[in-house]
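# what would the 3D arrangement of this be:
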Amino acid sequence: MTGGPKQYCHKPGCSQRVPIGHAYCENHRIPESAVRPNAHTRGYGARWSKAAAAFLKEHPLCNHCPAPATLVDHIIPADIAPKMFWDRSNWQGLCHDCHNRKRKDDDQLRHSVKEASGQQLSLAFQTFKDEQSRNSNKNKGVGG
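Here you go, the predicted model:
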């Protein structure tokens, strides 16, 4: 072994030793590309805070349960559909617990999207927009 003092990799069951100050060995280290950028970098700055506060005033209850909504959620996650970030038809108010549950579902969606072809993804977005349009028309009394 070369270098200074070593410690065990923090991954349970791993016997690899890593330099002090490193948590994981090469096999268990999270690549930098997988680290999530901070909220501001992802678009959640002052403009978002203002828009989200206004949305919560208009939609004070959680969309999934009777609790007060505390967060504005993107129905289709913003990292999957960045063009829909400011589309209010893609927003919903959620309480903290429902948002955490939805985040788990979103993670599964992200995994599926990575495996899907671009054509399938485009079809999914078009289906969503068609459904939003039908709902909007029903609310306006247009169509059947």
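
# Asp79: what's it in contact with?
Contacts were defined as Cβ atoms under 8 Å, 6 or more residues apart in numbering; by that measure Asp79 touches Arg42, Arg110. Yep, even glycine has a C-beta here, placed from its N, CA and C like the rest.

# that one and Ile20: what is the separation?
Going from Asp79 to Ile20 by Cβ to Cβ, to the nearest Å gives 34 Å.

# what's the answer for Arg134, then?
Separation of Arg134 from Ile20 (Cβ to Cβ) stands at 59 Å.

# please identify which of these two sits among more neighbours.
Legend: neighbour count by other Cβ atoms under 10 Å for Arg134 and Ile20, higher for Arg134 (13 against 9).

# so that one is in which element?
For Arg134, the element it lies in under DSSP states H and E is helix 118-140.

# just name the shakiest helix or strand of this protein by mean pLDDT.
The least trusted helix or strand in the chain, going by mean pLDDT, DSSP states H and E, turns out to be helix 118-140, with a mean of 64.
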